[in-house]
Each structure stands twice: as C-alpha cells, then as structure tokens.
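**Student:** Model the structure of this input:
(chains A and B, ligands or ions: 2)
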Amino acid sequence: MKAVVVGAGFAGSLIAKVLGDNGFRVTVLEAGTETGHDEAVHRFRTALVKSPLAPYRTTVAAPSSDYLINTGPFAYSSPYLRMNGGTGTVWTGITPRMHPEDFRTADLGRGRNWPISYDDLEPYYRAAEWEIGVAADADEQRQHVPVADGYAYPMHALPRTYLDHAVASVVDGQRIDGRELLITGTPQARNGVPVSGYRPDGHLCAGYASCVPVCPENAKYTPRRTQKRWSPHIELRTRCVVNRLHADEFGRVTKVSYQRYEDDTTGRHTRHEVEADVVVLAAHAIENAKLLLMSGLANSSDQVGRNLMDHPALLTWALMPQPIGPFRGPGSTTSIDAFRAGPERATRAPFRIELGNWGWGWSAGSPDSDTAEFVAAGLRGYALRKAVADRVGRQFTLQFEIEQEADPANRVTLSEDRDALGNPRPSIHYGLSDYVKDGLLAAKRVSDQLFELLKADDYTSYKPDEERYFEHNGEPLRYWGAGHSGGTHVMGASKHDSVVDQWQRCWDHPNLYAVGCGSMPSLGTSNPSLTMAALALRTADHLVSHRAEEVRCTMSKAP
Amino acid sequence: MDAFVELSAELTGFSAEELRSTGLVEQYAELAQDATDAELIQLWYTGVWRGQIPSARAYAEGLAWKAVGVAPPGTGAPGFGSWEHRPRRSV
Ligand SMILES: Cc1cc2nc3c(=O)[nH]c(=O)nc-3n(C[C@H](O)[C@H](O)[C@H](O)COP(=O)(O)OP(=O)(O)OC[C@H]3O[C@@H](n4cnc5c(N)ncnc54)[C@H](O)[C@@H]3O)c2cc1C
Ligand code: SF4
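**Tutor:** Ligands and ions are numbered 1, 2, ... in the order given. Below is the predicted model of the structure:
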C-alpha cells in the first residue's frame, strides 16, 4: 500500500509515523527546506524583531504566510511556516483538550457541530498526549474537562510560575459575573518529570523562555521528534512543492504532481509526479484549501476554503503590585477556565484566559519599549536602571483566546497573483462577527475586574493608529492572531455541507484525506493542535484498519 | 577606552566593572563613535544599534534584562522549576 503524505509538519509527521509502523510504503513530500537547530537559535538571538518565523530559513519557491493576500475587512494575521517540521516547529506547545461543549457549538452557541463527540475523541486525546509528550495532572484537568479514570499524563504538571502563585493567592475562590475563579495548570508539550513508563525525548525544560519560536534545549515537542522515530518505510523528500492532485473518473486520486527546486533563492524548478493508493493532505489549513482549489477537487459542497477560523486573541497588560520575575520559564503555565462554557455562549463568544509570564513582550515590545520610553523622558544612569527594573519586574499579560465560529464568508480563495513557482497565492477574506466582538468586549470587562481584584496597574491601551484596532459599541478594541488557523476543509455529518467526513476523508474522493485544524468544525477556546493530533491519530488508525478494503477497491478499479 | 566606559557607566547606571564583564566594550566603542546619548543607552540596554543587533552577544548582554535580573529569552537556562521562586532583588 503506497501512501503519499503532503507536508512534513505537525499532522503529517504523526500520520506518516503510524502508517510507516504498519507497513505502508510512505512518501512524504515537503515544500520547505531545513534549518539546523543551532542556526535557528543564533538567528533568533540576532533578529531585531523576534517574530515567530524569524529564526527559520524560508525559500523563494515555498514562501510562508507572508505571501497571503488579505482582501477582507479585517487582517488575518496568524503566521504559518513552510519548512520541514512546519508551524509545529514554531508553536508555543500549550496543549489543553477541548471542552465537551465545544463539539456542539451550533446547538449551544454559533457555528457548527462536530459529527463526533468528546467521548469519541477521548482515547485519541490520551494517545496524542503520550505521542507528543504532555505534562499535566489528570485530577487538576478533571476540574473542567472529563479525563478517563486511572489515566496518567506521561509527565507530571510543570511547576507553576511565581506569577501564577501570586495571582492564585488573590483570585482563587473569587467571583466575576457569577463564575467562581480558579487558576488551573495548563497542559504543556514540554518536558517535565516523567511518570513511570514514559521516556522523555530531549532535555528537561530549563526555563529559556523562548519556546516561541525556538527552544534552545529541545525541551518542547516539535514534529522533528516524531520524524526521528519514523520507520525506514518512510521516505522524506524536502524542497518538493505539491501543486496538484489528480483524480480518475471514479473520484479516486491517482497521482500527485510536485515542483522540485534546488536553489532556495529563485523559483527555478523541475516537475515530477508520484502515484499513490492513498493521499493524505497535511499542508496546513490554508495550504490544504489552496491545493484542493488548485486541483478542483473535493468541493461538491462548495465549502473548500470557507469557514476559516482563528482565535482572535485579546491581550491586556498590567503591573502587579510586587515584582514577580517575568521572562523566567514557559510563556504560560496556568489559565482561568471559568468562561469557556456555559449559557453565555448562546449570546457571545466564550473564552479561555492564559496568564502570560513573558511580561509585555508580545503586547507592548518590552523591555525595549520601556527603555525607549524612559530614555525619551530624560532618565539616565541609576534612575534609568531602577525605572526599568521596577517596570519590567512587575509586568504580566492576560491573553484571552476568543472562540470564532465557522462562518462561510471567512474564506481562502485563489488570488490572480502568482508566486515564484507560478502557483496562485492564497487570498484571504476575513472578518469578525458581532458574536466574536461581543466576546472580545466581555473579555475586556473580565480583564478590568481581574486587574481590580489584583490591585494591578492597568496599562492596556488600544490606539486607532495600531494594527487590528477597531471599535465595538463605542469601545476601543484590538485583536491579535493566535496562529490557530482552522476550518478550511470542514468536517461534517453530510457530504452536502462539509468537505470531509469524521475520518477526515474527503466525501468526494474515497482515498483522499485532508488532515489538520482545517477539518475542525469549531475551535472552542483551546489551542487546537492537541485536538488536531488526536484527530490525526484517529485517521491513521482508520487507514490502517481499512487497508484491506482500500486494496480491494484499488484492484476492482484497475483497468 | 576608559573615557568610553566612564561615559557609558554614567548613562546606563551600570558600573565600569559590570560593563567590562559583558565583553562588549571594544565592539561598542568602535561602533558607537558618533552615537548620541540615547543611541548609546539603547545599544547597551537592548543590543540594538541603528536598527540591527550586531552580534548574539549584544542581545544576550542587554542591560535592560540585567536591570530586571533575568536572562534575555533564549540565552540563559535558570533551571527546571526556577520560575516558581520569588525573583531575586535586582537593583
Ligand atoms: C506563534 C504560534 C504559536 C502557536 N502555539 C500553539 C500552541 O501553543 N498550542 C497549539 O495547540 N497550537 C499552537 N499553534 C498552532 C500550531 O502551530 C498549528 O495548529 C499546527 O502546526 C498545524 O499543524 P499542520 O500539520 O496542519 O501544519 P504545519 O505544522 O504548518 O505543517 C504543514 C507542513 O506542510 C508543508 N507544506 C505546505 N504546503 C505544501 C505543499 N504545497 N507541498 C508540500 N508541503 C507543503 C509545510 O512546509 C509544513 O511543513 C501556534 C502557531 C503559531 C504560529
Ligand atoms: S521555557 Fe525554555 S527550556 Fe522550557 S520549553 Fe520554553 S524555551 Fe524550552
């Protein structure tokens, strides 16, 4: 059985592994190149703007998200990386499960229902947590999501930050809008202390505080870890940009075309084809949609590229009354989960609140911005040093992950503009509904109350000349892209209104699978990659157990 | 060289010793010959010289971070769980 996997990123690396372990002949076609670990760390340190993609080599032939064209009322600002390992190299590594309610978003809130439930996915959550290596405490997680009895995460929960303790000592047990607050540990895909039976890959998290975009210690999971465990049945071909899938008259995908380049600085390339019994598209939500649209496949429902989602994130930032030592350790080790579920989601988007441990780095560019401010105000010498110490030493940020419902108007289409290989650039039409904006506003109100409880000095400000600024009900707001692209080949119960079935198999093509967050009918309020990984493992299981059927099918269709 | 260190110390609030221990005095003296005070402070505090970071060390030795008492992200490993402790007093 010959499988072609398109994309050696997060989802593709996981699926390829299971297929390889089960005797499939697997070819993985990867558009990008490689960046050595030490090189990435060095590039990070010398990058003026330490943006998520800064450490990584990209090529002219396979540009990353910076080649997107925004056409809608709001900018889609979540990046993705085309390089071996994909965006899974850049990610933060925060891995909460979705809430059971999140699978029924159409019934309880806005958007779409899933064709499967939390219970269907629960065993795969466990499998994904062991494959990726997640540190968390099952009893603690049971406070807001069901976790199977007797289950242990592969590693104990990471120690909390000093900030977490300081916040918890004030807010635990308090109420906002009738909700009881509780600071809860966030599951993390970075190495902690293992439980018996688990051997961590890489070192123990040492607190480098640069998990996004690169962990110098290799303590954070990246897809390269899974690739190291691939069986010899798997062949990886990098610098191969897939540009078309071909189907026969019965809808079966027969071969995959790709463009191979040697030179990273030009679009010069050669053209190739590879035949396949089964094809797994794992090129990232936006690129998967682009490839299906370019191939004219899988779109009888007219949903390919639609329902593009993200977590529009609201950042608020303040000073604690006392020094808390930010920028030590992971970016966030706890959250407040009280606003993830419940009846409010009928009227406004729900949200999850991450306690941010990296000062105002993301929200306001600290400490460079603080230094510049004090220098401009005339501070010099010891006064300057003290001002920076006092300001930065007390900084923290709240990051609200707001659910965005599947909306067919938010979509990826093919632009007239071409990239260096002659392929269309993805065009993005993106907006925020009133449901989302109401959620952002509710989050801001909760932030105000939290800062008041904490006696924190609120420095949050959103200004009209800043990117992604808008007003809602007369109040200034701003959103940030969390990097959580989803929905573009949405999963559903019927071929009439969805692209893939519950196995992530394209309704229109029995041997074509589109995997990744693009399949998710809702993102809920959880960072999506753990759920994506669970779905990928479920799909891989399905492929393995249906192999016999696939082979029969292939033979009966043979000329 | 001493004059450069003296001026830098006066502007940054870090002692000549602290500045020398960064290993950057020579590089910065060369680079920042015609710097304004504000530019020189920015260089020492953030490692940025006219829109560029001249070396990985310039980033790693940024005085803004030292003022706070933490390593710049991606340059120092305080150790597993160290983030749970009360921060050391820095100034
Ligand atoms: C800054 C940032 C932080 C994040 N933090 C978190 C987090 O803490 N928790 C969380 O759950 N999620 C997080 N995410 C999201 C997470 O990174 C993605 O959900 C995940 O990587 C998506 O996996 P994927 O396999 O679909 O895509 P990717 O990991 O991007 O992999 C896709 C692969 O396909 C390749 N490819 C693309 N086009 C082609 C083509 N035409 N031919 C061949 N190959 C192709 C790409 O080069 C890439 O290797 C974050 C994202 C960002 C940007
Ligand atoms: S805190 Fe540091 S060691 Fe831990 S995962 Fe992040 S970058 Fe790696």
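
**Student:** Please name the residues that touch residue 78.
**Tutor:** Chain wasn't specified; assuming chain A. The contact partners of A:Ser78, by CB atoms under 8 Å, 6 or more residues apart in numbering or on different chains, come to A:65, A:310, A:481-485. Every C-beta, even on glycine, is put in place using the N, C-alpha and C of the backbone.

**Student:** that's the wrong chain, I wanted chain B
**Tutor:** Here B:Pro78 is in contact with A:206-207, A:328-329, B:70-71 (CB under 8 Å, 6+ apart).

**Student:** buried set for stretch A:412-426?
**Tutor:** With burial defined by 16 or more other CB atoms under 10 Å in any protein chain shown, the residues of stretch A:412-426 counted as buried are A:412-415, A:419-421, A:423-426.

**Student:** Please parse chain A into its domains.
**Tutor:** Annotated domains of chain A cover A:1-133+A:221-309+A:408-431+A:485-559, A:146-219+A:312-402+A:433-478 [automatic domain parsing].

**Student:** Looking at the ones you listed, which is nearest to B:Arg88?
**Tutor:** domain A:146-219+A:312-402+A:433-478 (7.8 Å; CB to CB).

**Student:** near ligand 1, anything from the closest one?
**Tutor:** Yes: using CB under 6 Å from any ligand atom, we find that domain A:146-219+A:312-402+A:433-478 touches ligand 1 at A:Val212.

**Student:** now that domain: mean pLDDT?
**Tutor:** Across domain A:146-219+A:312-402+A:433-478, the average pLDDT comes to 97.

**Student:** From the chain's centroid, how far away is that domain?
**Tutor:** 17 Å (CA atoms, centre = their mean, to the nearest Å).

**Student:** Let's see if you can find the most crowded of the contacts of B:Pro78.
**Tutor:** Each of the contacts of B:Pro78 was scored for neighbours by other CB atoms under 10 Å in any protein chain shown, and A:Gly329 scores highest at 31 neighbours.

**Student:** My guess is that residue contacts A:Thr161. True?
**Tutor:** Yes: contact criterion CB atoms under 8 Å: A:Gly329 and A:Thr161 qualify, at 5.8 Å.

**Student:** overlap in contacts of the two?
**Tutor:** When contacts are counted by CB under 8 Å, 6+ apart, A:Gly329 and A:Thr161 are jointly contacted by A:357, B:83-84.

**Student:** Of those, just say which sits nearest to A:Asn218.
**Tutor:** Each of the shared contacts of A:Gly329 and A:Thr161 was checked against A:Asn218 using CB to CB; the closest is B:Trp83, at 18.5 Å.

**Student:** tell me the contacts of the closest residue to the closest one other than its chain neighbours?
**Tutor:** Leaving aside its chain neighbours, B:Trp83 sits nearest to A:Gly329 (2.9 Å; criterion: CB to CB, 6 or more residues apart in numbering or on different chains). Residues in contact with A:Gly329, defined by CB under 8 Å, 6+ apart, are A:159, A:161, A:205, A:207, A:209, A:357, B:78, B:82-84.

**Student:** Now do the closest residue to A:Pro367 other than its chain neighbours against ligand 1, distance only.
**Tutor:** Leaving aside its chain neighbours, A:Pro367 sits nearest to B:Ala64 (4.0 Å; criterion: CB to CB, 6+ apart). Applying CB to the nearest ligand atom, to the nearest Å, the value for B:Ala64 to ligand 1 is 23 Å.

**Student:** A:Ser369 is in contact with B:Ala64, correct?
**Tutor:** No: the pair B:Ala64 / A:Ser369 is not scored as a contact, 10.0 Å apart, by CB under 8 Å.

**Student:** got the contact list for the closest residue to ligand 2 within chain B?
**Tutor:** Closest contact between chain B and ligand 2, by CB to the nearest ligand atom, is at B:Ala77 (6.4 Å). Residues in contact with B:Ala77 (CB under 8 Å, 6+ apart) are A:206-208, A:216-217, B:71.

**Student:** These: which ones sit near ligand 2?
**Tutor:** Restricting the contacts of B:Ala77 to those near ligand 2 - CB under 6 Å from any ligand atom - leaves A:206-208, A:217.

**Student:** closest to chain B among these?
**Tutor:** Closest approach between the ones next to ligand 2 among the contacts of B:Ala77 and chain B, by CB to the nearest CB: A:Ala206, at 3.6 Å.

**Student:** Give me the distance from stretch A:536-546 to the chain's centre.
**Tutor:** Centroid displacement of stretch A:536-546 relative to its chain, using CA atoms, centre = their mean, is 22 Å.

**Student:** now the helices: where do they sit in chain B?
**Tutor:** B:2-12, B:16-20, B:25-31, B:37-46, B:56-60, B:63-68 (DSSP state H).

**Student:** Kindly reformat these as JSON lines containing mean pLDDT and mean neighbour count.
**Tutor:** Compiled in JSON lines, those are given as follows (pLDDT from 0 to 100; neighbours: other CB atoms under 10 Å in any protein chain shown):
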{"stretch": "helix B:2-12", "mean pLDDT": "97", "mean neighbour count": "16"}
{"stretch": "helix B:16-20", "mean pLDDT": "98", "mean neighbour count": "15"}
{"stretch": "helix B:25-31", "mean pLDDT": "97", "mean neighbour count": "15"}
{"stretch": "helix B:37-46", "mean pLDDT": "98", "mean neighbour count": "21"}
{"stretch": "helix B:56-60", "mean pLDDT": "98", "mean neighbour count": "20"}
{"stretch": "helix B:63-68", "mean pLDDT": "97", "mean neighbour count": "26"}
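
**Student:** Make TSV out of these and add distance to A:Ser169.
**Tutor:** Shown next, in TSV, are the helices of chain B (distance: least, CB to CB, whole Å):
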stretch	distance to A:Ser169
helix B:2-12	36
helix B:16-20	35
helix B:25-31	43
helix B:37-46	33
helix B:56-60	34
helix B:63-68	22
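
**Student:** now for those helices, which one comes closest to A:Asp501?
**Tutor:** helix B:56-60 (49.2 Å).

**Student:** which outside residues touch the closest one?
**Tutor:** With CB under 8 Å, 6+ apart, helix B:56-60 has contacts from A:42, A:45-46, B:22-24, B:27, B:43, B:47-49, B:53, B:71-72, B:75-76.

**Student:** Got the phi and psi for A:Ala138?
**Tutor:** Here is the backbone geometry of A:Ala138 (degrees, to the nearest 10): phi -60, psi -40.

**Student:** And for it, nearest residue in space, chain neighbours not counted?
**Tutor:** A:Val147 (4.8 Å).

**Student:** and that neighbour, what does it touch?
**Tutor:** Per CB under 8 Å, 6+ apart, neighbours of A:Val147: A:97, A:122, A:138, A:141.

**Student:** is it possible to export the residues you listed to CSV including secondary structure and distance to A:Gly88?
**Tutor:** As requested, these are exported to CSV (DSSP: H, G, I helix; E, B strand; the rest coil; distance: CB to CB, whole Å):
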residue, secondary structure, distance to A:Gly88
A:Arg97, coil, 18
A:Glu122, helix, 23
A:Ala138, helix, 25
A:Gln141, helix, 22
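
**Student:** coming back round to it: among the domains of chain A, which is nearest B:Ala9?
**Tutor:** domain A:146-219+A:312-402+A:433-478 (8.2 Å).

**Student:** end to end, how far does the closest one reach?
**Tutor:** Taking CA to CA, to the nearest Å, the first and last residues of domain A:146-219+A:312-402+A:433-478 lie 33 Å apart.

**Student:** A:Gly483 and A:Glu129: what is the separation?
**Tutor:** Note on A:Gly483: its distance to A:Glu129, by CB to CB, to the nearest Å, is 20 Å.

**Student:** Give me the buried subset of the contacts of helix B:56-60.
**Tutor:** Neighbour-count burial (16+ other CB under 10 Å) applied to those gives A:45-46, B:22, B:24, B:27, B:43, B:47-49, B:53, B:71-72, B:75-76.
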